[in-house]
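Q: Predicted structure and sequence below. I'll ask about it afterward.
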Number of protein chains: 2
Amino acid sequence: MSEALHILKRHQLSNTDSRRTVLEVFLQSESALAHQDIERETGERFDRVTIYRTLQTFIDKGIVHTIPTADNGTKYALCRENCSEGHHHDNHVHFICDVCGKTSCLDDVAIPSVRLPEGFSVTKIDMVVNGICVECR
Amino acid sequence: MSEALHILKRHQLSNTDSRRTVLEVFLQSESALAHQDIERETGERFDRVTIYRTLQTFIDKGIVHTIPTADNGTKYALCRENCSEGHHHDNHVHFICDVCGKTSCLDDVAIPSVRLPEGFSVTKIDMVVNGICVECR
DNA sequence: AGTTAATTGCAACTCCGTTGCATTTTAACT
DNA sequence: AGTTAAAATGCAACGGAGTTGCAATTAACT
C-alpha cells in the first residue's frame, strides 16, 4: 500500500483521487507548498475549491500544518511529528529563503521560550525566520 | 505643533488631512490597527485607496511597521524605536490576545536568538505569540 | 449491483490590496 | 495673495485568495 493511502487510512479519510494526489505531491516535496504550487503540481486536474477543501481536511486531521508567508499568504507542509486531530504540535521554526523563496520547516530547531510580561499567558507561538538557506549561499 | 504634525515634518511628508488624521488615530490607539480599523476610526472620511497609500508611505518612512495576523491579514503599529527610511528595527515580539483580539507590540520583549543549522543565515525574524493578555485574564 | 453519505465541480460571491487616470490639494516661489 | 509644478486624493476597475450553496459525481458498505 502506498504511503499516501496509508496516511488516508490512518486518519479515516476516504480514498479519493484528489486526496491521494495532493498527498503524493507533499510526500515528494522538500519544501512547503502554496495552494498554487499544489494546483500546478497536480496538473490542474482538480478544482481550486477541491484543493482548498482537501487542505482544510488535512489540517483538521493533523496531516499538514500552515506556515504564514511574508506577503500574507499561506503555505502548507506535512506534519512530521504525530499531530492529533484538532491539535498540532508544530513547535519548530519556519524558514523562508530570500533567494530561492522556498519555505521549509526546520524540524530540528525548536522555538526558544520567551518571557512575557506579568499576566500574559501563551497558547501558541509562531516564529518565521527569513534569510539565505544552505542551498543558496 | 501637534505630535502628528511633528512626525510628518520630521520625515519630510507633506501635511495632508489624511496623513494627519491617520497618524492621530495611531497616536491614540494602544493596540495595532487593521486597515479596516483605520477606515472606521477616521470616520470613513477617506478613500480605502488613500489609506492604503498613506500606510505604505508610513512604512517606507519607518513610521509604522506591519504585523502579520493569524488569518493572513496585516495590522499596523507605530514604530517606537527610531526606524530609518527603508529599514525597520522592530525586533520585538508581537502578541495577539485570543480573547479581545487585540494585537500589540511587546516593545520590551526582544526576540530570542535562535541557532540555525550550519549554512543558514538570518536577515529577519518574526515572532508572533498568541495567548491571553493581562487585561483579559 | 444498489443505496447512502461523502466528495467534487461549478458558479457566484466577498474581501483585501493594487493600478491608471482625472481631479484636487499642497508647497514653493514670485 | 496669486501662480504654478508636483504631490496627493478619489474613483473605477481589476486581480488574487479564499468561501459558500448547490447539483452532479464518486466512494464505501451491504
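A: Yes, it's here. Numbers count the residues shown, from 1 in each chain, chains lettered A, B, ... in the order given.
Q: what sits up against whichever helix in chain A runs longest?
A: In chain A, assigned by DSSP state H, the helix with the most residues is helix A:48-61. Outside helix A:48-61, the residues that touch it by C-beta atoms under 8 Å, 6 or more residues apart in numbering or on different chains are A:11, A:13, A:18-19, A:22-23, A:35, A:38-39, A:42, A:46, A:64-66, A:76, A:85-86. C-beta here means a position set from N, CA and C on the backbone, and glycine is covered the same way.
Q: What residues sit buried inside that helix?
A: For helix A:48-61, a neighbour-count test (16 or more other C-beta atoms under 10 Å in any protein chain shown) marks A:50-51, A:54-55, A:58-59, A:61 as buried.
Q: Tell me if that helix is near DNA strand D.
A: Yes. Helix A:48-61 lies within reach of DNA strand D by C-beta under 7 Å from any atom of the strand, at A:48-49, A:52-53, A:56.
Q: now these in a markdown table, with distance to DNA strand C and pLDDT?
A: Listed next are the residues of helix A:48-61 next to DNA strand D as a markdown table, based on distance: C-beta to the nearest atom of the strand, whole Å; pLDDT from 0 to 100:
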| residue | distance to DNA strand C | pLDDT |
| --- | --- | --- |
| A:48 | 7 | 98 |
| A:49 | 4 | 98 |
| A:52 | 9 | 98 |
| A:53 | 5 | 98 |
| A:56 | 10 | 98 |
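Q: For those residues, work out which two are farthest apart.
A: A:48 and A:56 (12.7 Å; C-beta to C-beta).
Q: so what's the residue of chain A positioned farthest from its centre up against?
A: In chain A, residue A:118 marks the outermost C-alpha relative to the chain mean, sitting 32.9 Å out by C-alpha atoms, centre = their mean. Applying C-beta under 8 Å, 6+ apart to residue A:118 gives the contacts residue B:134.
Q: Closest one to DNA strand C out of the buried residues of helix A:48-61, please.
A: residue A:50 (3.1 Å; C-beta to the nearest atom of the strand).
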